[in-house]
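**Q** model this:
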Amino acid sequence: GQNLELEYASMEPSRQGKLSILSRQESSFFTLTFVPHGYTEVAKVPVAKSGRRLYNVRNPNASHSDSVLVQIDATEGSKVITLRSPLQIKNHFSIAFIIYKSVKNVKLLERIGVVRPEEEFHVPLDSYRCQLFI
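**A** Numbers count the residues shown, from 1 in each chain. You can find the predicted model right below:
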C-alpha cells in the first residue's frame, strides 16, 4: 500500500569496449533489502530481472514462517517492485465485498479489507494462512 520512487543514474564509460562487462557487473549491485513490519529481514533481493520470487520471513511470535512475494514488472524502461503476500483476491463481480478472517481463540470474524469491483486485494501477511470468508 506504499509507494517509493527510486531513480538510478550512471555515467557512460569513456570506452565502448568495456560497456557490456560493466553493465553485467552493475546489474548484480541492484538489490533490495526490506523488513516487513513484525518480521525478519529479507536481504539482497536481486531486482535486475523481472519475475516473481518467494522469500521466507519469520514472525518472532509465531511458530511457523510466512512468505513474502517479490514481484518485479518492467514496463517502458521502468521497473515496478511489489512486495506482498502470496495470496491475492481479484473481484470479477460488479459489487464490492468484504474479506474476513477467522480469529482462532475468540471464535469471531475479523474484517481485513474490502475488495472493490475489478480490483485486486492483497491479503495481509498475518492473514493469508487463516480461514477466510467473503
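
**Q** Please list the residues outside the host helix or strand of residue 110 that contact it.
**A** Here residue 110 sits within strand 108-115, counting by DSSP states H and E. Contacts with strand 108-115, where a contact means Cβ atoms under 8 Å, 6 or more residues apart in numbering, come from 89-91, 96-103, 121, 123-124, 127, 132-133. All C-beta atoms are positioned from the backbone trio N, CA, C, and that covers glycine.

**Q** From residue 109, how far out is the residue most central in space within the chain?
**A** For the chain, residue 83 is the residue whose C-alpha lies nearest the centre (Cα atoms, centre = their mean; 1.3 Å). Remark: distance between residue 83 and residue 109 (Cβ to Cβ, to the nearest Å) = 27 Å.

**Q** Same question for residue 45.
**A** Residue 45 sits 34 Å away from residue 109, going by Cβ to Cβ.

**Q** how's the protein carved up into domains?
**A** Per the TED database, the domain ranges recorded for the chain read 26-84, 88-133.

**Q** and the longest strand along the chain, what does it pack onto?
**A** Secondary structure assigned by DSSP state E gives strand 65-75 as the longest strand of the chain. The elements that strand 65-75 packs onto, with contact taken as 3 or more Cβ pairs under 8 Å, 6 or more residues apart in numbering; DSSP states H and E, are strand 42-46, strand 51-58, strand 78-84.

**Q** Residue 33: which of those strands is closest?
**A** Smallest distance to residue 33 across the helices and strands packed on strand 65-75 (Cβ to Cβ): 4.6 Å, for strand 42-46.
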